[in-house]
Every structure is written in structure tokens, then in C-alpha cells.
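Undergrad: coordinates for the following, if possible.
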Amino acid sequence: MSEEGRPPAAPEVIVASGDAPFSDAVARELGALTLSATIRTSILALLSELRARRAAAAIVDLDLAADEPWSLLRAVREARGPGPLVLVAVSGIFTRPRDMIEGLRLGAADFAAKSLDPRVLASRVRALLVALERRRRGPGPTELRAADGALRLDLAGHRCMVESRGRGSGGAREVKLSPLEFRILRDLLARPGTLVTREEFLRSLWPDDPDRRHLSTLAQLMARLRRKLGAAGAQVTTVWGLGYRVRPSTRD
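TA: Numbering: from 1, shown residues only. Alright, predicted model coming up:
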């Protein structure tokens with residue numbers, strides 16, 4: 001929250017392209033990921049926007065400068081204000097490997113063909129922003145625990161430990177989780193007491209294809225995770241039609 005008690009503004013992403021269907025589709029998917037999209041349709045408008053405001057990211061269509069795409073990237077790099085800018089280059093013309101390598105060399109954090117599914121492009125931008133924020137904050141927690149300490153997730157060692165309660169229980173046992181099961185539990189324990197929506201899980205588990213057809217697989221993974229956790233699985237509750245949450249946890 002800000003000092004005035006208002007929630008922080010959504011990170012702003014500039015989408016610069018003369019291709020209206022492309023811009024509109026990408027802006028829509030960015031909005032679905034709680035990112036604020038600003039569309040600009042010319043190089044002049046893009047550079048003015050960068051100089052005037054501090055955007056978190058920019059998706060730049062190099063087809064705006066089909067004769068001088070690399071000059072455009074240099075101009076963007078010079079026009080941006082202080083602080084980091086996640087720059088993603090896209091093109092329907094410059095899609096050869098050597099073009100993409102050159103774009104990355106000139107400062108783009110990612111380079112994609114415009115034919116890429118807008119959902120995937122938006123998810124890539126979000127992932128880059130999340131990674132940037134993590135680096136800014138420094139190392140995160142290495143372990144997550146459930147409220148009663150019975151459930152422990154070792155992030156560094158990629159291990160899940162469940163404490164056996166009661167006389168003669170024999171201490172903790174390791175629960176073997178698949179990569180997707182581990183990610184589900186990590187996402188839940190990282191946000192104790194908070195609803196994690198099904199759509200958020202789709203983007204986390206299948207970032208390149210967050211389609212709702214995966215919802216049945218998500219339900220199966222959740223059921224299997226609970227069975228593996230045994231009594232500790234009761235910490236995970238279903239909010240019908242919306243998603244899942246876990247009781248508040250403590251972090252070491």
C-alpha cells in the first residue's frame with residue numbers, strides 16, 4: 001500500500017505497433033494479468049511516452065521501422081528514463097535467428113515473432129517483470145511452512161517434508177512431489193490465507209499455454225497432492241468455482 005493507503009498502481013507496459021489487431025490483443029492479455037497497457041502507434045509517440053513516464057516494460061514492434069529496426073532499438077534505449085525497462089522486441093519481418101540475436105545484443109530482454117499467441121507474449125512480459133522484481137528485492141525465502149509447522153517446503157533442495165504428529169510418530173517424512181505438484185504447493189504457501197485463483201495456477205503451471213482446458217488436470221493434481229500430504233493436506237481448501245487457499249503460514 002502507498003502512504004495514502006491506496007494500492008500500488010499496476011506496472012505499465014507500452015505496446016508500440018502500427019498493427020491494431022496485434023496491439024489490441026496483447027493489451028487485452030496484459031490486462032488479464034493485472035498489467036496496465038498503453039498503446040502507441042508511431043515511433044514518435046513511443047519515444048515521447050518513454051521520456052515522459054517511467055514505464056516498467058515496452059513491447060516494441062520493429063516493423064514500425066522496417067528500414068532501420070536496430071536504430072529504433074537504440075533510440076528506445078536512449079529515450080527511456082532512469083531505472084530498468086523490460087524491453088521486448090517483436091516483428092513479423094525480422095524473424096530469422098540472426099535478427100533475433102541482433103535484437104538481444106542491442107538490449108532486448110526477449111524477441112518474439114508477432115505470430116506468437118498474445119497470451120504467451122503477455123505471460124513472458126509478466127515473468128520478466130517478476131524476475132526483475134525478485135532481483136531488486138534480493139534473495140527470497142528458502143523455506144515455506146504451514147501455520148502449525150507440520151508441512152515444510154524446502155525451496156532450495158526441492159523437498160517437501162511432513163511432520164508426523166502424535167506419540168511414536170517418528171518425526172518428519174519426505175513426500176515425493178512431481179514438479180507441478182511442488183509448484184502448486186509453493187504458490188499456495190507463498191501466499192498464506194490468500195485465494196490463488198484457478199487462472200493464476202494455469203499461468204503458473206502452463207505459462208506457454210494457459211488454456212482453461214487444463215482445469216481438469218489442475219483439479220486432478222490438487223487431489224493427488226492432498227492424498228500425498230495425508231493429514232497435512234487438510235490445510236489446503238477449495239473455494240468452489242474460484243481457486244484454492246492454504247491457512248496462513250510462517251517463513252524461516
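Undergrad: export stretch 178-188 as PDB, just CAs?
TA: What follows is stretch 178-188, C-alpha atoms only, in PDB (Å, rounded to 0.1, in the frame of the first residue of the first chain):
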ATOM      1  CA  SER A 178       6.100 -34.000  -9.100                       C
ATOM      2  CA  PRO A 179       7.400 -30.600 -10.400                       C
ATOM      3  CA  LEU A 180       3.800 -29.400 -11.000                       C
ATOM      4  CA  GLU A 181       2.700 -30.600  -7.500                       C
ATOM      5  CA  PHE A 182       5.600 -28.800  -6.000                       C
ATOM      6  CA  ARG A 183       4.800 -25.600  -7.800                       C
ATOM      7  CA  ILE A 184       1.200 -25.800  -6.700                       C
ATOM      8  CA  LEU A 185       2.200 -26.100  -3.100                       C
ATOM      9  CA  ARG A 186       4.800 -23.400  -3.400                       C
ATOM     10  CA  ASP A 187       2.300 -21.000  -4.900                       C
ATOM     11  CA  LEU A 188      -0.100 -21.700  -2.000                       C
END
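Undergrad: what residues sit buried inside it?
TA: The neighbour-count check on stretch 178-188 (16 or more other Cβ atoms under 10 Å) flags 180, 181, 182, 184, 185, 186, 187, 188 as buried. Every residue, glycine included, has its C-beta placed from N, CA and C.
Undergrad: mean confidence score for the top helix by length along the chain?
TA: With DSSP state H setting the assignment, residue counts place helix 118-137 as the longest helix in the chain. Summarised as a single mean, pLDDT over helix 118-137 is 85.
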